[in-house]
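Chemist: Fold the following.
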Amino acid sequence: MKKQNVPELFGSMVFDDRVMRARLSDKVYQSLRKTIDENEKLDEEVADAVAKEMRDWAVEKGATHFTHWFQPLTGVTAEKHDSFISPSPDGGVIMEFSGKELIKGEPDASSFPSGGLRATFEARGYTAWDPTSYAFIKDHTLCIPTAFCSYSGDALDKKTPLLRSMQALDRQAKRILKLFGKNVKYVRTSVGPEQEYFLIDKEMFEKRPDLVYTGRTLFGAMPPKGQELDDHYFGVIKPRVSAFMEDLNEELWKLGILAKTEHNEVAPAQHELAPIFSTTNVATDNNQLTMEIMQKVARKHGLVCLLHEKPFAGVNGSGKHNNWSMATDEGANLLSPGETPYENAQFLLFLCAVIKAVDDYQDLLRLSVATAGNDHRLGANEAPPAIISVFLGDELSAILEAIKTDTPYQGKEKEVMKLGVHTLPRFSKDTTDRNRTSPFAFTGNKFEFRSLGSSNSIACCNIMLNAAVAESLRQYADVLEKADDFASELHELIKNTIKDHERILFNGNGYTDEWVKEATEVRGLSNLRTTADAMPHLLDEKNKSMLMDHKVFTESEIQSRCEIMLENYCKTVNIEGLTMVDMVRKNYLPAIESYLFELAQTTSLMTSVSSKVKCEYEITTMERLSELTDFIMKKVVVLEKALKDLKNSATILETSEAVRDSILPKMEDLRRYVDEAEMLTGEKYWPFPSYGKLLFSVY
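Modeler: Residues are numbered from 1 along each chain as shown. Alright, predicted model coming up:
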């Protein structure tokens, strides 16, 4: 089949600026652009005109339905489809879509998480068009990105607080820029989220109840080969995966998603996709779409895309690196140091604002990435530790040290790399190396927040990051706007920030025990290892006050989110525990017993033939497997009781602590014995595909 021309293909299913400029009148187009670019109020007449052209365009593209596409607190997207058809007087139908239908929808909100924001019987919810994110066509349906709120106006989604946080940062950043003599229309944060994932064979997946129910393997002994040779990392992409990636790119490009980079990741069957930067709100919508389309395209190729943070024990899990920066409407990156960062006071002030924000609100950043799945990944030798710290590299660290100590900065010339082969080009060496163990690293002109799990919505961390930086900038603006000597006050502000927040700066190895000890005991940084440890800090007074002051959340919305996230953590682990019990009772124990029966029959037959036959393999294997079945049975009973006891907890906080302290350790105990039994049981008796088959069958 002939492939389409990429420039023609790109955005072909998006009602983007090109389409709006061509189809809308100049008056309507300019009014809509003001709404998008300058937060102007939306004119209802404009909405009617946009709706008409949006409908005509969508119908021309083959769409028959429309939906308000939103992001409830389930972590995935939601949509209710309505057709364009309306009855006509002659008994036929006409295709209609009004401005009213574009602006507002009324999905039933009763079954979405609310964390106590409304009673269960109160069903009404509203969706409101977000004109800053383009509508698109998916599966013959016009999808309109929307915010989602309750009947009382409380945000029940992730888009609304994200937009609020972007608005808060925009407001405070413009105050700062005005002091530097710059009047800009807006300041927006931009994100490029790198997405890691696993691809496994669909037939293998369907034979594993743990993967089907939970997205990760709850049992599984390691195969002889894992990732120790590092041969998969950036290796040749195998044909089956390459075909998947080719189709995935086409589907993403149709939707205007700037899929740019693809490669094999560290673990076998693991891969990565990275897009070009886009505005945070759009990047969030696009990443949710990317995850959905990855799974859909994979199934067309007989594969399943796993987005769980730790689908396989013993090999790397999957993260999602959130590359974050700030830029003006003129395209100026506020985190670009320029050629002489020491002399770039504006850059240094915005840099310090981020450093201060990360230190002051390290708990918010940590809890923004906290999930049951991500708890398995953080802190292992593959992902950043749970301790939040900032990596700046040698050059910026030296600059900040010079400012702090009021000493001249001795910058060094850029070093030219010489590889010892005349035919190879020479190039300038970067002023600092990368630190892959840092949770929050400066990487040239942006910060890379590396703690997100692969299934996380990037909205959560960007809400907290935007709000925290907005608070730093607000404090700076309050001081600088009153300054008699701006330059002097600015210098002192930067200098004091460095002194007050240098504890968060760390350029070393984040994996060492020495760092954990130094961070917690000497520097006083928090080490919130699990979701149960982290999430309650959302209710800390300093965090609530900041988020409410910037109108990112109301107090009731904060309370509800803490409740929802802890409840999701508990439910996730409870499902995993019940799945383990089910698999052990129905599959693993019967399989081991069947193998024991064959060994017993074989031993009896062989010893009856000759008394000289020792049957050492059969007897020692039977003895150990018999022991293991007893251990497994005892551990299953203990886990079952612990799962039932969860219902006796008085509060969700108590339940989450019981999950952390009781359920998860018991699950690990049970797994250890089952995995040992797998190594001793004949392959034909083992009921589920092994790690070796799951990780290497795609190839």
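
Chemist: Regarding the most centrally placed residue in the chain, what is its secondary structure?
Modeler: Central residue check for the chain by Cα atoms, centre = their mean: the C-alpha nearest the mean position is that of Asn456, 2.9 Å away. Secondary structure assignment for Asn456 (DSSP: H, G, I helix; E, B strand; the rest coil): coil.

Chemist: Does it touch Arg377 like I think?
Modeler: No: with contacts counted by Cβ atoms under 8 Å, Asn456 stays clear of Arg377, the gap being 10.8 Å. The C-beta positions use only the backbone N, C-alpha and C, and glycine is treated the same way.

Chemist: Overlap in contacts, these two.
Modeler: Shared contacts of Asn456 and Arg377 (Cβ atoms under 8 Å, 6 or more residues apart in numbering): none.

Chemist: Quick one: neighbours of Asp513, just the number.
Modeler: 7 (other Cβ atoms under 10 Å).

Chemist: same thing with the one 4 residues further on?
Modeler: Here the number of neighbours of Lys517 (other Cβ under 10 Å) works out to 11.

Chemist: Point me to the helix or strand that includes it.
Modeler: Secondary-structure element containing Lys517, defined by DSSP states H and E: helix 513-517.

Chemist: separation between the nearest residue to Leu306 once chain neighbours are set aside and Asn509?
Modeler: Leaving aside its sequence neighbours, Leu306 sits nearest to Phe198 (Cβ to Cβ, 6 or more residues apart in numbering; 4.1 Å). Phe198 sits 27 Å away from Asn509 when distances are taken as Cβ to Cβ, to the nearest Å.

Chemist: These two: which is more packed in?
Modeler: Taking neighbours as other Cβ under 10 Å, Phe198 and Asn509 compare with Phe198 leading, 28 against 12.

Chemist: In contact with the residue nearest to Leu306, which residues?
Modeler: With contacts taken as Cβ under 8 Å, 6+ apart, Phe198 has the following neighbours: 267, 269-271, 305-306, 311-312, 318.

Chemist: Which of those residues fall in strands?
Modeler: Restricting those to those inside strands, with DSSP state E as the criterion, leaves 270-271, 305-306.

Chemist: Please indicate which of these are buried?
Modeler: 270-271, 305-306 (16 or more other Cβ atoms under 10 Å).

Chemist: before we move on, back to that, helix or strand right after the helix holding Lys517?
Modeler: Under the assignment DSSP H and E, the closest C-terminal helix or strand after helix 513-517 is helix 531-534.

Chemist: Can I get that following helix in CSV, CA atoms only?
Modeler: What follows is the C-alpha trace of helix 531-534 in CSV, where atoms were taken according to Å, rounded to 0.1, in the frame of the first residue of the first chain:
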residue,chain,number,x,y,z
THR,A,531,2.0,6.4,47.6
ALA,A,532,0.7,5.8,51.1
ASP,A,533,3.6,7.9,52.4
ALA,A,534,3.3,10.7,49.8
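
Chemist: what's the closest of the buried ones among the ones in strands among the contacts of Phe198 to Ser690?
Modeler: Of all these, Ser690 sits closest to Leu306, with 16.2 Å by Cβ to Cβ.

Chemist: ok, that closest one touching Gly215?
Modeler: Yes: under the criterion of Cβ under 8 Å, Leu306 lies in contact with Gly215, with a separation of 6.3 Å.
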